[in-house]
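> Give me a model of this one.
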Amino acid sequence: MRDVRRKFAVTALTAAAVLGGLALPTTASAADGVPAVQITVCNDSNSNLQFWVRGYNQRNEWDDSPVWDAYAHTCATMWDYWWKKNSSVELHYQFGSGAWKWKQQYVPNTKGRTTTFHMS
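The predicted structure follows:
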């Protein structure tokens, strides 16, 4: 009887793991819809920068990114997040422990896979 319960438990856990994995979102790709690029943010200041983006993604859906860090005088690319070309995004940012601010940034219709915004 104990072996039957163990086999049932293993089968149930395996099924849950497989079905749960199917329900998780997958990594975005620019090939999924509209022409899109990944955004790189360069921090030209002496303070650390935290930022996130809101705008239309590669599926033409309004979306937010997670918060990213760009340390002083470095750049950070938002890997696996694609933003619609020839549109605007909201770039929300915070230098050091200062207040959060945002500004509109244009995402150009470029042939490249990334576009870069400089912050100072």
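> quick one: the strands in the protein?
36-43, 49-56, 62-64, 68-70, 75-77, 83-84, 87-95, 101-107, 114-119 (DSSP state E).
> deepest of those strands, which one?
Highest mean neighbour count among the strands of the chain (mean count of other CB atoms under 10 Å): strand 83-84, with a mean of 24. To be clear about C-beta, it is placed using only N, CA and C from the backbone, and glycine gets the same treatment.
> check contacts around Trp102.
By CB atoms under 8 Å, 6 or more residues apart in numbering, the contact list for Trp102 reads Glu90, Leu91, His92, Tyr93.
> what's the closest non-adjacent residue to the second one?
In this case it means Leu91. In space, and not counting its chain neighbours, Leu91 is closest to Gln105: 4.7 Å by CB to CB, 6 or more residues apart in numbering.
> Pull up the per-residue confidence for that neighbour.
The confidence metric pLDDT takes the value 98 at Gln105.
> likewise the one 10 residues further on?
The pLDDT attached to Thr115 in the predicted structure is 97.
> gap between it and Trp100?
In this view, Thr115 and Trp100 are 22 Å apart by CB to CB, to the nearest Å.
> Repeat that for Glu61.
Distance from Glu61 to Trp100, by CB to CB: 23 Å.
> one step back: out of the contacts of Trp102, the closest to Thr40 would be?
Thr40 has its nearest neighbour among the contacts of Trp102 in Leu91, at 11.8 Å by CB to CB.
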